[in-house]
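A.B. asks: Next input, structure requested:
(2 chains)
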2 protein chains.
Amino acid sequence: MKIGFAQINTTVGDLAGNSEKILSAYRKLSRLGAEIVLTPELALTGYPPQDLLFKSQFVPRNLEALNKIADEVDEAAALVVGFVSSQPGPAGRPFRNSAAIIEKGKPMRWVHKSLLPTYDVFDEARYFEPATENLPVEIAGRLYGITICEDIWTPEHLPRPLYSHDPLTQLAAHHPAAILNLSASPFQLGKPVIRQTMIAALSKKLGLPFAYCNAVGGNDQLVFDGNSLAVNPQGAIWQGASFLEQETVIDLNDLTSSLSEPRESMEDLHDALTLGLRDYLQKCGFGRCVLGLSGGIDSALTAALAVHAIGAENVTGVLMPSQYSSPHSIQDALELAENLGISTLTIPIQPAFEAMKAQMQDAFHGLPEDATEENFQARLRGMTLMALSNKFGSLLLTTGNKSELAVGYCTLYGDMCGGLAVISDVPKTMVYELCDWINSQEGPIIPPNTILKPPSAELRPDQKDQDTLPPYEILDGILKLSVEDNLSRREIKEQGFDADIVDWVVRKVDFNEYKREQAAPGLKVTGRAFGMGRRMPLAQKFSN
Amino acid sequence: MKIGFAQINTTVGDLAGNSEKILSAYRKLSRLGAEIVLTPELALTGYPPQDLLFKSQFVPRNLEALNKIADEVDEAAALVVGFVSSQPGPAGRPFRNSAAIIEKGKPMRWVHKSLLPTYDVFDEARYFEPATENLPVEIAGRLYGITICEDIWTPEHLPRPLYSHDPLTQLAAHHPAAILNLSASPFQLGKPVIRQTMIAALSKKLGLPFAYCNAVGGNDQLVFDGNSLAVNPQGAIWQGASFLEQETVIDLNDLTSSLSEPRESMEDLHDALTLGLRDYLQKCGFGRCVLGLSGGIDSALTAALAVHAIGAENVTGVLMPSQYSSPHSIQDALELAENLGISTLTIPIQPAFEAMKAQMQDAFHGLPEDATEENFQARLRGMTLMALSNKFGSLLLTTGNKSELAVGYCTLYGDMCGGLAVISDVPKTMVYELCDWINSQEGPIIPPNTILKPPSAELRPDQKDQDTLPPYEILDGILKLSVEDNLSRREIKEQGFDADIVDWVVRKVDFNEYKREQAAPGLKVTGRAFGMGRRMPLAQKFSN
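C.D. replies: Residues are numbered from 1 along each chain as shown, chains lettered A, B, ... in the order given. Coordinates of the predicted model:
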């Protein structure tokens, strides 16, 4: 049972490019002796295709592409490939999330996904009809149970039971030789281990080997981590590359390896963010990026990730001092740039800031300066960065972290400007952890002073984050319970947090929904990110 | 069969306020002789509650509120009220979209929604378990079939069949005295007539009277239009108020009225936009709004709608001329403001524009001016307006129309700044139509010159929209087919549009997805708006 794993990085909607990748992997894996080549879920269309599915020619052209691929399949190996089929069913959805089984000389067969995730970032019930019956398929003389992603996520491994139907039990009753799974399972911290544990447990329980082929690559807010798996009931396990494309043949009958130590979570986080960033740039057609360097830790981390993603020669850091910038900020930013080997521009915003204040003088006559004038600075910096992005065609990266986005400690149309929010799902305490990890790997790239100094927005004299915000350890603890776990203020206070701080944080999170509504897309790395997986009304009055 | 229609305007998450509205309507309608008081769908929580549902205390507190309401129901009338019940089922979703039947002296009963819309703006499969069996309920000695919104939308009246289950057929088999429906059916142009036609047809077909109580009010992107209905099989029909709250008792046994002429679509559009705007402001806690006045038609329309929504005394128009502003623009804007009776501020942006250009001089050395410098002007205006919003606590209204948002003829963080995009679902040709309608009602409030002059962004000398865009009649025709109907370029060309123009428009729409990703929420008035009902990947390569 030699399975060829085509752990490939597809692009949503790139039917021609994805076909080429699938066929190239098929040819290579077939040469390497695979009997069956397995792709990720919806490999042909990329995942998630979202409302592209409704465009009149999307599904027809995916079917044409599938037929062209089928023409190329020869005797050497079968191909199991994810695509969208156009088979309405009793629930009336127009499409199915399907796998085609292509063997030379036999008519093409299909299986359809049974369990359609419709929670968090997933919207599959919007598009797809579920399969309600699951039968194994004969390929090369053996029976295989073919499943798609969620089909193998059983209630013990999801936070809550979501389905009454159990495709694995149905398939196992027919005694297949193995279970194959085509996945597009997005990364979040800790998920690779959860998948291993789940699939090993299922393999043992059912007495069947599993071949699990996951997608790899970034698609907007989602990053797929690869980490494909082959497991047998005796507990032998092979795990594919993390955050990299890979084409490997694994013999399910000769699986002897055991798992190596799990990777450090900061390594996973680093690789997820760099892959997500690289792919967003590449798939959107950008060769270069630009970002503001404040001397602070968020922009330092974002710059380091950008360099790791696309190389120092393609990253420009911009220093935009005002009268409130401290000398050490400029020094720290320049030191970072030098460490990273990126070019910098220094563009003082003070004259434009003064011009804006003069412009508003009449309208603001007699009123004291307040957050409005702080926002001028953030917005002039956003405008400056967007000007560079516009003039030179590079993508602006937003550098805000999850903690500040949560409580709205950021300026809409200011520091929130940008095409991608690289670390918007990384809480501030984890920003520090990741910087420490990067420095532990490559020496002190991120200047020690940037890590050690108290964080500050530097929008007024001697401003410090902690003048406004609770200490980040406390803030992040409360945010985890509130934003990710949906706990109420009372429930959070019962865990020992100060009542006034909890009230303040939850109020700020609720109040700032409108800012996040217009935020740049961000890379999801936790169980619950702001963005497509969290849908909150704006004009609303509930406080948990 | 005296049914009290509580066509009320609830606020999402305002459990106390909504309870108060429900009880107040109950008391009034019961005094007026109702035997049964009927509320809209999810009246207790507001619709749509979205991910508030997952907050630990949301559903429990809605159940507490329901019990408090039940305590207030007396012998005079029964109450049928929409709420969220916490009854997981075989599909494993945590909640149900339910109606409680409350009668003094009887235990509370519930029915659950069967057909859960999961398309366009609707995400009900994300939250709710469907009912799979539908039985009538006895209230005050009669059997009633109680349905919730989508439950009565049968395949003939939806653009495509979506469900295998038919609650109405099941209920009709038990010969109920009438069908009651609790709805939160959002407005789109032409929908009121579709509902009348559908419900009249169903009533006739099943031989049963219908009482249909719809929500009214704006909730973020959705505007509910009321227009509740009572219909009997003989074709007599009563229709409730449009875009207004209303509490009325209708005797289904004594329904004699026939329908008056359908309202003009421009009146519906006007009322939908003003209601959506008023409610967004009010429900977010804003008493005032501010907007830029360019002398053009989009800002003129938005200003007129704002005045109709919250009164001239609460609207400030801001003129922000640059060296490229024509004298007539300033004159037209001032004339509009005078006609509307709103206060204005004039804040020239030229000094700040010059400061920005000087600031970028080194970085842009030797490069010609281009869209970057045009964006400066739009962004300085955005910054100016946000400064007024920040300093004085008024909400900034964005004035862009659907046509320009579609092709990206707008500046991100510039004229796209704002908390609400009032006319972002109104195509430019319809902007003209609506302005003409407003002037036909109230005299020439919108200056004739604003309507007659060729539209221009005035970001460079002698610029006209039509230098860049196809004529709006053609653009809007293509956009309808592409964005709303999902047709391919070939299919659009087959309808007689110029091939090059079609290619240009479709390419622009695809390319500018990233701008819309960060756009302000807009009021949905067509079959398909940009926003929550259209979910497109950004890094993608398909062109239809």
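A.B. asks: Report the separation between the closest residue to residue A:216 other than its chain neighbours and residue B:223.
C.D. replies: Counting by C-beta to C-beta, 6 or more residues apart in numbering or on different chains, residue A:226 is the residue found nearest to residue A:216 once chain neighbours are left out, at 3.7 Å. In this view, the C-beta of every residue, glycine as well, is placed from N, C-alpha and C. In this view, residue A:226 and residue B:223 are 45 Å apart by C-beta to C-beta, to the nearest Å.
A.B. asks: Repeat that for residue A:441.
C.D. replies: 53 Å.
A.B. asks: how close does the closest residue to residue A:103 other than its chain neighbours sit to residue A:245?
C.D. replies: Leaving aside its sequence neighbours, residue A:103 sits nearest to residue A:78 (C-beta to C-beta, 6+ apart; 4.4 Å). Residue A:78 sits 21 Å away from residue A:245, going by C-beta to C-beta.
A.B. asks: circling back to that earlier point, phi, psi for the residue nearest to residue A:216 please.
C.D. replies: phi 70, psi -120 (degrees, to the nearest 10).
A.B. asks: Pretty sure it sits against residue A:239.
C.D. replies: No - using C-beta atoms under 8 Å, residue A:226 is not in contact with residue A:239, being 9.2 Å away.
A.B. asks: So the closest residue to residue A:379 other than its chain neighbours: helix, strand or coil?
C.D. replies: Distances taken as C-beta to C-beta, 6+ apart put residue A:414 closest to residue A:379, at 4.3 Å, once the chain neighbours are dropped. Three-state assignment for residue A:414 (DSSP: H, G, I helix; E, B strand; the rest coil): coil.
A.B. asks: what's the neighbour count on residue A:414?
C.D. replies: Residue A:414 is flanked by 22 other residues according to other C-beta atoms under 10 Å in any protein chain shown.
A.B. asks: Next: residue A:174.
C.D. replies: Other residues close to residue A:174 by other C-beta under 10 Å number 11.
A.B. asks: That one contacts residue A:133, doesn't it?
C.D. replies: No - at 11.5 Å, residue A:174 does not count as touching residue A:133 under the criterion of C-beta under 8 Å.
A.B. asks: domain parsing for chain A?
C.D. replies: Chain A breaks down by automatic domain parsing into domains covering A:2-263, A:269-464+A:511-517.
A.B. asks: Okay, now the shortest one: how far is its last residue from its first?
C.D. replies: One end of domain A:269-464+A:511-517 to the other measures 25 Å (C-alpha to C-alpha, to the nearest Å).
A.B. asks: what's the average pLDDT for that domain?
C.D. replies: When pLDDT is averaged along domain A:269-464+A:511-517, the result is 96.
A.B. asks: From the chain's centroid, how far away is it?
C.D. replies: With C-alpha atoms, centre = their mean, to the nearest Å as the basis, domain A:269-464+A:511-517 stands 21 Å off its chain's centre.
A.B. asks: Now do the contacts for residue A:392.
C.D. replies: Shown in contact with residue A:392 (C-beta atoms under 8 Å, 6 or more residues apart in numbering or on different chains): A:288, A:290.
A.B. asks: Next up, identify which helix or strand the closest residue to chain B within the stretch 201-350 of chain A is on.
C.D. replies: The nearest approach of the stretch 201-350 of chain A to chain B comes at residue A:283, 3.6 Å away (C-beta to the nearest C-beta). Applying DSSP states H and E as the criterion places residue A:283 in helix A:265-284.
A.B. asks: what comes up buried for that helix?
C.D. replies: Neighbour counts using 16 or more other C-beta atoms under 10 Å in any protein chain shown place A:265-266, A:268-284 of helix A:265-284 among the buried residues.
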